[in-house]
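> I would like to see how this sequence folds:
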Amino acid sequence: MNVASDGGEPGGPGADRRPIAARDSGFARRLTALLLKTPITPNEISLLSVGFAAIGAAALLYATRWPFLYLVAVAGIQLRLLCNLLDGMVAVEGGRGSPVGALYNEFPDRVADTLLIVALGYAAGAGWLGWAGALAAALTAYVRVFGGSLGQAQVFRGPMAKQHRMALMSLACLLALGEALLTSERFVLYTAGWIILAGSLITCWTRTRAIVSRIPGAAKP
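Numbers count the residues shown, from 1 in each chain. Modelled structure (predicted):
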């Protein structure tokens, strides 16, 4: 069973890694080199991503009262993504992978996603929408990893993969800040919640189709 995604434990270094263009940037490589001068481990970086997600989620919940917190939410989201980038680079390029690296690579992601998307729903005044979006987001990862359990290369396609969800949330927070200065409505956050929910369900469908298409003799759903 090959379940590694960003960190790349099973199947050799970098197996089934999420394609991230920023991984080849000079900034990411310099930051990775700096981290490799410290004793920090990829698993600790993965856990740190949950901390940043929690900060972003808390900021989202209180931003309806203090709109400047939307900027803190954006920072939390982006720092969470930065940790997601760096844990894999420290593990693979830095050679600090561990036997449980694949678990730390996946589980904190699901927790971070849930914290942020659920908070988005409550901030939009529709807690149920946040929970539904978080469940759909978790299902996209389940479908991806299930494909890996069949011996296939994991499918990271969207239209609402993790990086797309976080980019949408960041944009929504910035637009919500402008909206808060003009009105008390939460249309931007509510719309973003629906896009994440619908887009995640479509992503489950596209990933499932990709998995089925690789099974010899299987009919497409």
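> what residue ranges in this structure are flagged as low confidence?
Applying pLDDT under 70 to the chain flags residues 1-19, 21-22, 24, 218-221.
> so where do the helices sit in it?
Assigned by DSSP state H, the helices in the chain fall at 26-35, 42-63, 69-92, 101-123, 127-149, 162-182, 187-213.
> looking at it, residue 144 is touching residue 158, isn't it?
No. Here residue 144 does not reach residue 158: they are 11.4 Å apart, not a contact under C-beta atoms under 8 Å. For every residue, glycine as well, the C-beta is placed using N, CA and C.
> quick revisit: would you mind saying which of the helices of the chain lies nearest residue 20?
Proximity to residue 20 (C-beta to C-beta) singles out helix 69-92 among those, at 6.0 Å.
> Just want to know which of residue 144 and residue 158 has more residues nearby.
residue 144 (27 against 16; other C-beta atoms under 10 Å).
> Please name the nearest non-neighbouring residue to the more buried one.
residue 154 (5.0 Å; C-beta to C-beta, 6 or more residues apart in numbering).
> what about the one you found, how many neighbours?
Neighbours around residue 154, by other C-beta under 10 Å: 23.
> Relative to residue 130, how far out is it?
26 Å (C-beta to C-beta, to the nearest Å).
> Check residue 186 too.
Applying C-beta to C-beta to residue 186 and residue 130 gives a distance of 12 Å.
> Show me whatever sits in contact with both of these two.
residue 124 (C-beta atoms under 8 Å, 6 or more residues apart in numbering).
> thinking again about what came up before, with distance to residue 20 as extra columns, can I get the helices of the chain in a markdown table?
Converted to a markdown table, these look like this (distance: least, C-beta to C-beta, whole Å):
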| stretch | distance to residue 20 |
| --- | --- |
| helix 26-35 | 9 |
| helix 42-63 | 14 |
| helix 69-92 | 6 |
| helix 101-123 | 13 |
| helix 127-149 | 15 |
| helix 162-182 | 8 |
| helix 187-213 | 17 |
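> isn't residue 162 right next to residue 113, touching?
Yes. At 6.9 Å, residue 162 and residue 113 qualify as touching, with contact defined as C-beta under 8 Å.
> Return the residues in contact with residue 136.
Counting by C-beta under 8 Å, 6+ apart, residue 136 has contacts 196-197, 200-201, 204.
> Enumerate the positions of stretch 158-177 that are buried.
Using 16 or more other C-beta atoms under 10 Å as the burial criterion, the residues of stretch 158-177 that qualify are 158, 160-166, 168-170, 172-173, 175-177.
> contacting residues around it?
18, 20, 60, 63, 67-68, 70-71, 73-74, 77-78, 80-81, 84, 109, 113, 116-117, 120, 123, 137, 140-141, 186, 188-189, 191-192, 195-196, 198-200, 202-203, 206.
> List only buried entries from these.
18, 20, 60, 63, 67, 70, 73-74, 77, 80-81, 84, 109, 113, 116-117, 120, 123, 137, 140-141, 186, 188-189, 192, 195-196, 199-200, 203, 206.
> tell me the contacts of residue 125?
With the criterion set at C-beta under 8 Å, 6+ apart, residue 125 makes contact with 186, 189-190.
> Could you do residue 42 as well?
By C-beta under 8 Å, 6+ apart, the residues touching residue 42 are 7, 87-88, 90-91, 94, 96-98, 101, 104-105.
> what about the residue nearest to the spatial centre of the chain, distance to residue 217?
Nearest residue to the geometric centre of the chain (C-alpha atoms, centre = their mean): residue 162, 3.6 Å. Look at residue 162 and residue 217: by C-beta to C-beta, they are 32 Å apart.
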